[in-house]
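In: After the sequence you'll find the predicted model.
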Amino acid sequence: MIVETTPTKPRVRSVRPGARRLWTALGVLFVGLGIVGYILPVMPGTVFLIVALFCFKRGSERLENLLLNHPRVGPILQDWERERSISKRTKIVAISMMWLFIVGSVASIRIPWIIASAVVLGVVGTAYIASRKTKYD
């Protein structure tokens, strides 16, 4: 795969039309998962939108631009694309919602292996989010 770089952003060249449709379909799937993630605290919404952006770079420039220019999630995705950073506010909200869900699950589900799995995933998720570069607004 050859990547052509421009001053604004890298573009992927030489993706076959059939592959473009597959990348676009995957991008749409991940946007759907991202929307579900914003509604339910069980799933991280932004991560799926970052994956959707990755897919749209290979499949649909129009949908990529639509996602990047969205009033709500566009700035978050632009920060990620430009600097690989997450704003301090986004980090706080993501980690808080994740642990709120974990504590709620532990309180209602009394199955030890589920509790252990939730705590491990919470620690890993917190470590990943905390280790990303922080953008101070």
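Out: That came in fine, so what should we check first?
In: domain ranges for this protein?
Out: Domain ranges of the chain: 1-83, 86-137, per automatic domain parsing.
In: what about the strands in the protein?
Out: 3-5, 10-12, 85-87, 133-135 (DSSP state E).
In: hang on, the earlier thing: turn the domains of the chain into TSV, columns for mean pLDDT and mean neighbour count.
Out: C-beta: built from backbone N, CA, C; applies to glycine. Supplementary listing: the domains of the chain in TSV, determined by pLDDT from 0 to 100; neighbours: other C-beta atoms under 10 Å:
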stretch	mean pLDDT	mean neighbour count
domain 1-83	82	15
domain 86-137	85	13
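In: Nearest to the middle of the protein, which residue? Look it up for me.
Out: Centroid check for the chain by C-alpha atoms, centre = their mean gives V47 as the closest residue, at 1.5 Å.
In: Who are the contact partners of the closest residue to that residue other than its chain neighbours?
Out: Once flanking residues are discounted, V47 sits nearest to G37: 7.4 Å by C-beta to C-beta, 6 or more residues apart in numbering. Going by C-beta atoms under 8 Å, 6 or more residues apart in numbering, G37 touches 43-48.
In: Could you check how far G37 is from F48?
Out: To F48, G37 is 6 Å away according to C-beta to C-beta, to the nearest Å.
In: and if you look at G34?
Out: Distance of G34 to F48, computed by C-beta to C-beta: 4 Å.
In: got it, and L29?
Out: 9 Å.
In: Repeat that for W23.
Out: 15 Å.
In: Ok, L63 next?
Out: 14 Å.
In: any idea how far the lengthiest helix in the chain is from the chain center?
Out: Ranked by residue count and defined by DSSP state H, the top helix of the chain is helix 17-39. Mean-position distance between helix 17-39 and its chain equals 12 Å (C-alpha atoms, centre = their mean, to the nearest Å).
In: who touches G27 in this structure?
Out: 52-56, 59-60, 63.
In: which of the residues you listed lies closest to R16?
Out: Nearest to R16 out of these is G59 (C-beta to C-beta; 11.0 Å).
In: quick one, what contacts the closest one?
Out: Here G59 is in contact with 15, 19-27 (C-beta under 8 Å, 6+ apart).
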